[in-house]
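Undergrad: quick one, what's the 3D model for this:
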Amino acid sequence: MDLIDVTLWICRPIDGGVDVLRQFSADVQYEGTSQGVDIGQVHGWIGWSIADENVADAGDAICYDAMQLGTAAQEIIDGHLDTYIDSALLIDRMHLHPEWRGRRMSGLIISRVLDLLRLTPGETAVVLHPEPQQPTGGPYVDGPERDDAMSRLHAAYRASGLTPWRDGPVWWRPI
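TA: Next up, the predicted model:
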């Protein structure tokens with residue numbers, strides 16, 4: 001899928017983050033036609049030069065979601081002392097329009113974001129928290145329909161090279 005393009009915006013921290021994490025927003029497009037087709041968005045936080053920082057504390061200063069992701073990223077950093085990890089990509093939301101779902105594109109989109117930011121995959125802790133969204137928007141309510149959607153989302157993430165971090169709700173891209 002060489003025809004996937006990502007446009008990225010990075011913001012200065014304004015709410016917490018102690019200047020360790022920068023908020024980002026990315027639009028994802030399919031460029032296989034004369035005009036690009038919007039297929040989704042990715043939102044979260046980026047941490048550069050974080051080897052001597054506490055990403056869990058930085059995430060906690062932002063919000064609960066950032067704290068969950070930051071804690072997992074910090075555990076990954078602390079658990080891989082034999083690997084130099086100097087950056088973190090905390091994905092808060094990844095949304096694909098319904099007609100683009102099920103194509104196992106998550107890994108490709110994450111790779112495009114890493115490439116655009118010039119982050120080395122083997123030196124970057126990449127974490128996200130899957131939450132399936134209804135085709136009309138918004139999360140599913142608990143029940144069989146949500147369970148089925150979560151199962152499909154987990155299968156797509158596994159096929160994209162992601163795996164649960166310590167069997168919890170946060171997933172990561174193994175280094």
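
Undergrad: in what helix or strand does the residue most central in space within the chain lie?
TA: By C-alpha atoms, centre = their mean, the chain has its centre lying nearest to residue 91, at 2.6 Å. Using DSSP states H and E, residue 91 sits within strand 87-96.

Undergrad: from the contact counts, what lies against the following helix or strand past that strand?
TA: For strand 87-96, the succeeding helix or strand toward the C-terminus, using DSSP H and E, is helix 106-117. Applying 3 or more C-beta pairs under 8 Å, 6 or more residues apart in numbering; DSSP states H and E, we find helix 106-117 packed against strand 4-10, strand 21-30, strand 37-48, strand 87-96, strand 124-128, helix 144-159. All C-beta atoms are positioned from the backbone trio N, CA, C, and that covers glycine.

Undergrad: report the angle between the strand holding residue 91 and helix 106-117.
TA: Put simply, strand 87-96 runs at 130 degrees to helix 106-117, going by axes from the mean of the first three to the mean of the last three C-alpha atoms, to 10 degrees.

Undergrad: how much space separates residue 168 from residue 142?
TA: 18 Å (C-beta to C-beta, to the nearest Å).

Undergrad: that older thread, name the stretch among the helices and strands packed on helix 106-117 that sits most buried.
TA: Highest mean neighbour count of these: strand 124-128, a mean of 26 (counted as mean count of other C-beta atoms under 10 Å).

Undergrad: what's the angle between that one and helix 144-159?
TA: 160 degrees.
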